[in-house]
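> how does the following fold in three dimensions:
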Amino acid sequence: MALPISAFCVKEDDAKVKRAFQTLLTFVGNVAKNPNEEKFRKIRLTNPSFQERVGSLKGGVEFLELCEFERMEGSEFLFLPRDKVDMAVLNSAGSELDSAIKNPFFGVL
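Numbers count the residues shown, from 1 in each chain. Below is the predicted model of the structure:
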């Protein structure tokens, strides 16, 4: 029996969302492990990889803003100032992302 094309579209969307979660987990984890390194606290919004994995999906940038990343005025960057790095927020965000990625019902509900 052949699967309808809509099933492939759903799986494609699930794969994109899962990849976005994995990318966000990397961003959050890098800051948590290296809070003093600016390169991990700065994200170029126009980076093609960022746009493909996170920026083009609804809620991606907003999630980073909830982790205290800020849009730099007149710039193409999201930046997390060192004095706003909150390990509790980063750990909570990382745990939520990790749980979602590992959830056996990911994309089913």
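
> in stretch 36-43, which residues are buried?
In terms of neighbour count (16 or more other Cβ atoms under 10 Å), stretch 36-43 has its buried residues at 40-41, 43. From N, CA and C alone the C-beta is placed, and that goes for glycine too.

> same question but for stretch 97-104, I mixed them up
Leu97.

> need the residue closest to the centroid of the chain.
Leu24 (2.4 Å; Cα atoms, centre = their mean).

> with adjacent residues omitted, what lies nearest to Val89?
Spatially, and ignoring its direct neighbours in sequence, Val89 is nearest to Cys67 (5.8 Å; Cβ to Cβ, 6 or more residues apart in numbering).

> cool, Glu68 as well?
That would be Lys84: by Cβ to Cβ, 6+ apart, it lies 4.4 Å from Glu68.

> the one you found and Glu70: what is the separation?
Distance from Lys84 to Glu70, counting by Cβ to Cβ, to the nearest Å: 8 Å.

> equivalent analysis for Leu97, please.
Using Cβ to Cβ, we find Leu97 at a distance of 20 Å from Glu70.

> now the helices for the chain?
Here the chain has its helices, by DSSP state H, at 5-33, 48-50, 60-66, 87-102.

> mind giving me the packing neighbours of the first one?
Identification of packing neighbours for helix 5-33 by 3 or more Cβ pairs under 8 Å, 6 or more residues apart in numbering; DSSP states H and E yields helix 60-66, helix 87-102.

> tell me what angle the helix or strand bottoming out on mean pLDDT in the chain forms with helix 87-102.
Least confident helix or strand, the chain: helix 5-33 with a mean of 81, by mean pLDDT, DSSP states H and E. Comparing the axes of helix 5-33 and helix 87-102 via axes from the mean of the first three to the mean of the last three Cα atoms, to 10 degrees yields an angle of 150 degrees.

> helix 5-33: which residues count as buried?
Buried residues in helix 5-33 (16+ other Cβ under 10 Å): 17, 20-21, 23-25, 27-29, 31-32.

> from the residues you listed, which is closest to Phe105?
Val17 (13.2 Å; Cβ to Cβ).
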